[in-house]
Structure formats: structure tokens, C-alpha cells
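J.: I'll drop the sequence and a predicted model, then ask my questions.
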Amino acid sequence: MNKKLVSILLLLAMLAPAMISCGDAGDTTDNDTAADTTVVETEKETTEEEYRNSISDEVENEDFGGRDFIVLGSDEQDFGSFIYVEELNGEVLNDSVYNRNLTIEERFNTKVQYTEPTGGYTQSSATVKKSVQGGDPDAFQLASFHVVENAGNALQGYYMNWYDIPHINFDKPWWSDSTVNDLTINNRCYLAVGDAAVSSIAQTYCMIFDKETILDYDVPDVYETVRAGEWTIEHLQTIASTMGRDTDGDGTMDPDTDFYGFLSNAKSNLNTYLWSFDNMICRKNDEGGIDVTYYSEKLVDLVEKLYNVFHETNGIAVTSPTDTDTHFLAIKAFANGRCVFVNALLSQTITFLAEFENEYGILPYPKYNEEQANYMTMVDGNHEAMGVAKNGNNLEFVGKITEVMCAEAFKKILPAYYDVSLKQRYASSPDDAEMIELCVASRVFDLGYVFDNWKGCSFYLQNLIGQDKSTDITSHYQKNEKAVLKHYEDVEALFFAEE
């Protein structure tokens, strides 16, 4: 069973205190990273804070002499406030970051710092290259920025194998299971996802729905639908198709003006269905290598299914793929009361729904069908993935502080983030707490996406459905197959190169 989901279900059960059923029962199939579903019972009532703090990071304190621990990010992502803040200001997220760093300072006599070169993530990569080639351990200790860009640094051989970093324990709940199950090949892992990279939580794709407006329709309890394993794309299509209204009375439906049952942005919101439907780009094979599993009969079917949902179903639409505001059109429509369901990032609840008058709920992305064992989702490509550069750093220092940063983020920052995401309803709304945890537990970090580096096939689906409005995935893939396979051969070679 997924170790993080075990912890999550225990936490929720303790908070209830009751018996909680989460998703559909059954073992994982080809992918162990998605959330499986098992009923957990507990007789002890405790608080969320007590539960999280009860898990030891097992790292011994050490005096590092006041040395700074520097995290390298990138200036266009605006995730630095998850790593470092200057002072307490009474805001729950800010103060949780400050207190996490204060704990580290008190235990290790080191201060967490954050640096981001001007010019975006390409300049962050340039900093990595310069640090490695110049052997400069003082430039930074942890490189944590845009996962698709950062993969290029790993492919160029700039990063250490995480399994060679002391004190890192991927069995702990503050590390994504996918780090082991998908990003580890041949006992090597060059990019890891831990809770210190809060953007890997914040940029998780989920479904958001208007809990008050949905009462106007004869819709079964959507939380129970999720728990029963029946939250599928077909179910969503059926209920959303009854909700559309031509509110401006011009005789046509327009996602810019009319009311919809379900709206989606045209970019990665659509791409996420590739993983939501368990169609991984790459999977590990029995020999321990990598198989490119992207193209199949299932892919052809899911493309046709999505085309039917978004282009042939009343009450459902995709927003413009060319608008300068394209990444936010759907969530803005939801915030303005123009749809019931929307695909969105978890972070967008904070950005766009702080003033939302109605109460909203969070759900996982729908499954391909009821036979699919688990709910699954992805994290937008601009999230952080963490690498340790080969720049001569003290690995004891890097390992201890990174492990504790992740552990203390799990204990202090994530509960605060969840609470703000739900407008301070996390502890008081068991349904929504359960669903937000399910979304996070079901994140998949597909090796084929993480190491796409804009040379793989990760973005075909969003362009085909959202921009081209086509179902011809076969010819599109065939035209690019040779280059795609060559790229993933290079990725596999990274994990089997002589050290």
C-alpha cells in the first residue's frame, strides 16, 4: 500500500475520529504511485499536529558553525516564499515557513537561504553548470526548480545520485513514493520530490466544484461517488452535460460568457488526463530498464473520448488556447460563478478563490473507467524537483538539512497550506480534507514527463485536443516516434552510465 496514503488515512481517521473509506478498493496495477484505497480504523483521537510531529526524522543534531544552506530556485516561479521568509507576520503560511527554518537553525546552527538568478530557469541551469564546472560548493546546496528544465541538468551529468546522499530516507512520508517507484532506475535517482518542494503540492492538478450551485441539480453526492470508485470521466460528462445555459441569449454557447457544467483550460489541464487515465509515458520493465508505453490502443481511445467530452458535449468546453490569459481562463470563470466544475491547480484556490462567495470543494481528477484501480493526477511542469549538484558540497550537511527541511515542511508547512487552500476549513471539513489528501497522495511523477526536457511526447495531448481540435494522435506520434524513442534511450543511458 502507498506509504504516504497510509499516513494520510491514519491522520484523517484520527481527526474524524471515525472509519474513513477513501476511493475504490483494490491493489495497484502497473503503477504503485497512485493512491490505493483501504479502510483504516483507529480508536485513538488525536490532533493533526500531534500526528505529524510524532514521526521522527531520525537525524541527529549537529553544529554546522553558522553556515548557510542555500536553495537555488528560479525567479519566474515565485516559489521562494515556501523556502525562506524574513520574519513572522501573522499569516499562517509565512509563519509556518519561518518556524520551519527556525527549527533547523536551532538544531544545526545553519540558516536556510534562497537564491534565484535573474532571467528565469535557464539562468538557474546556467548557475548549476557554472557551480559544477568551477567546483563551487558555496554557490548553493540544493537545486530546486522547474522539473522539465532541471531534468536537462541531470541528463548532462551535473547531479548526484540521491542514494549516495547520507540521511535521506525515502521511506518517510515527506518523500513522494513516486521518487522510488518511478524516478529510481538501477538504484539511481537524480531528481527527487520531497515536501520541502512545496510547489510539488501547490501545483497538483485537481477538480474544484461549487458546493452550493451543485445543489440546484439532481446530482448524487460527489464525495460518495469518489469513495465508491465511480468518479470517472463518463460520470462527470453525464452530470455536467445537464448544467449548461445560454445566459446571454444569443443562441450559442461561448465559454467566455455563458454558464457551463464543466470548463477546462486548454493547456496542461488537458494534458493531465494522460496520467489521470493511467497512460504513463514510460514504465520500468522487468529487466529494470525503461519502456516507452505512451502510444497504444488505449491512447487512441482516450483521445477520442476526451474530444467527445470537450468538443461534442453540451455544457462542457475548453477555453481559448491562444489567449494571453490562457492558463487562468477556466478558474476565473469559476470564480465569477460561470461553471460548476473546473480543472485547476491546487494553488489556484488561494490565488483566485480567496474572495469566492460560495463554498467550494476539491475532488481528484476522474478515472478512465471504473475498472481503473486508482485515482491519479500529475503536477504541473513548473513545480520544483530537487537535485544535488556535483560541486564538491559536504554531503553530510546536504543530506541532514534536506531531510529535515522535508520533514519539517510535512509537519509545519503542508497543514498550513491545506488550510489556506480550503479557506481555513481543513480541520473542520472532513470530506474536503480527505479529498485534498487523496489528490496529493495520487500524484504521479512519470519518468517520461520529468525527463521530457521538451524532447519527448508529454505535450502532444494538450495540443491535439485543446489547440488542433483533432483526434489524430496516431499520425502525430508516428511522425515524431523516432526522435521520441531516441530521447528516452538517452534518458535510460543516464541511469546505466558507468560511474
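T.: That came through, no problem. Numbering: from 1, shown residues only.
J.: Do you have the strands of the stretch 151-300 of the chain handy? List them.
T.: 205-210, 260-264, 282-284, 290-292 (DSSP state E, counting those that start in this stretch).
J.: okay, those strands, which one's buried deepest?
T.: Mean neighbour count (mean count of other C-beta atoms under 10 Å) peaks for strand 260-264 among the strands of the stretch 151-300 of the chain, with a mean of 27. The C-beta positions use only the backbone N, C-alpha and C, and glycine is treated the same way.
J.: ok, residues contacting that one?
T.: Taking contacts as C-beta atoms under 8 Å, 6 or more residues apart in numbering, the residues outside strand 260-264 that touch it are 236-237, 239-244, 253, 255, 270, 310, 315-319, 329-330, 333-334, 338-343.
J.: do you know which of the strands of the stretch 151-300 of the chain lies nearest Gly361?
T.: Nearest to Gly361, of all the strands of the stretch 151-300 of the chain, is strand 205-210, at 5.3 Å by C-beta to C-beta.
J.: Check the secondary structure at Phe145 for me.
T.: strand (DSSP: H, G, I helix; E, B strand; the rest coil).
J.: show me what contacts it?
T.: By C-beta under 8 Å, 6+ apart, the neighbours of Phe145 are 72-74, 77, 79, 121, 124, 384-385.
J.: just to revisit the earlier point, could you dump the strands of the stretch 151-300 of the chain to JSON lines with mean pLDDT and distance to Ser176?
T.: Converted to JSON lines, the strands of the stretch 151-300 of the chain look like this (pLDDT from 0 to 100; distance: least, C-beta to C-beta, whole Å):
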{"stretch": "strand 205-210", "mean pLDDT": "98", "distance to Ser176": "15"}
{"stretch": "strand 260-264", "mean pLDDT": "97", "distance to Ser176": "25"}
{"stretch": "strand 282-284", "mean pLDDT": "95", "distance to Ser176": "16"}
{"stretch": "strand 290-292", "mean pLDDT": "96", "distance to Ser176": "19"}
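J.: now the helices for the stretch 201-350 of the chain?
T.: Counting by DSSP state H, counting those that start in this stretch, the stretch 201-350 of the chain has helices at residues 222-227, 233-240, 268-271, 273-276, 297-311, 329-335, 347-352.
J.: So which of the ones you listed has the densest surroundings on average?
T.: Mean neighbour count (mean count of other C-beta under 10 Å) peaks for helix 273-276 among the helices of the stretch 201-350 of the chain, with a mean of 27.
J.: That one packs against which elements?
T.: helix 297-311 (3 or more C-beta pairs under 8 Å, 6 or more residues apart in numbering; DSSP states H and E).
J.: how about the strands in the stretch 351-499 of the chain?
T.: For the stretch 351-499 of the chain, the strands defined by DSSP E, counting those that start in this stretch cover 360-363, 384-387.
J.: okay, these in TSV with mean pLDDT and distance to Trp231 next?
T.: Formatted as TSV, these follow (pLDDT from 0 to 100; distance: least, C-beta to C-beta, whole Å):
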stretch	mean pLDDT	distance to Trp231
strand 360-363	97	7
strand 384-387	97	28
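J.: closest to Asp218 out of the ones you listed?
T.: If you check each of the strands of the stretch 351-499 of the chain against Asp218 by C-beta to C-beta, strand 360-363 wins as the nearest, at 17.6 Å.
J.: What is the distance between the closest one and the centre of its chain?
T.: Averaging C-alpha coordinates over strand 360-363 and over its chain gives two centres that are 16 Å apart (C-alpha atoms, centre = their mean, to the nearest Å).
J.: And stretch 378-387, what's buried?
T.: For stretch 378-387, the neighbour count (16 or more other C-beta atoms under 10 Å) marks 378-387 as buried.
J.: how about TSV for those, with distance to Gly361 added?
T.: Converted to TSV, the buried residues of stretch 378-387 look like this (distance: C-beta to C-beta, whole Å):
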residue	distance to Gly361
Met378	21
Val379	20
Asp380	21
Gly381	26
Asn382	25
His383	23
Glu384	27
Ala385	29
Met386	31
Gly387	36
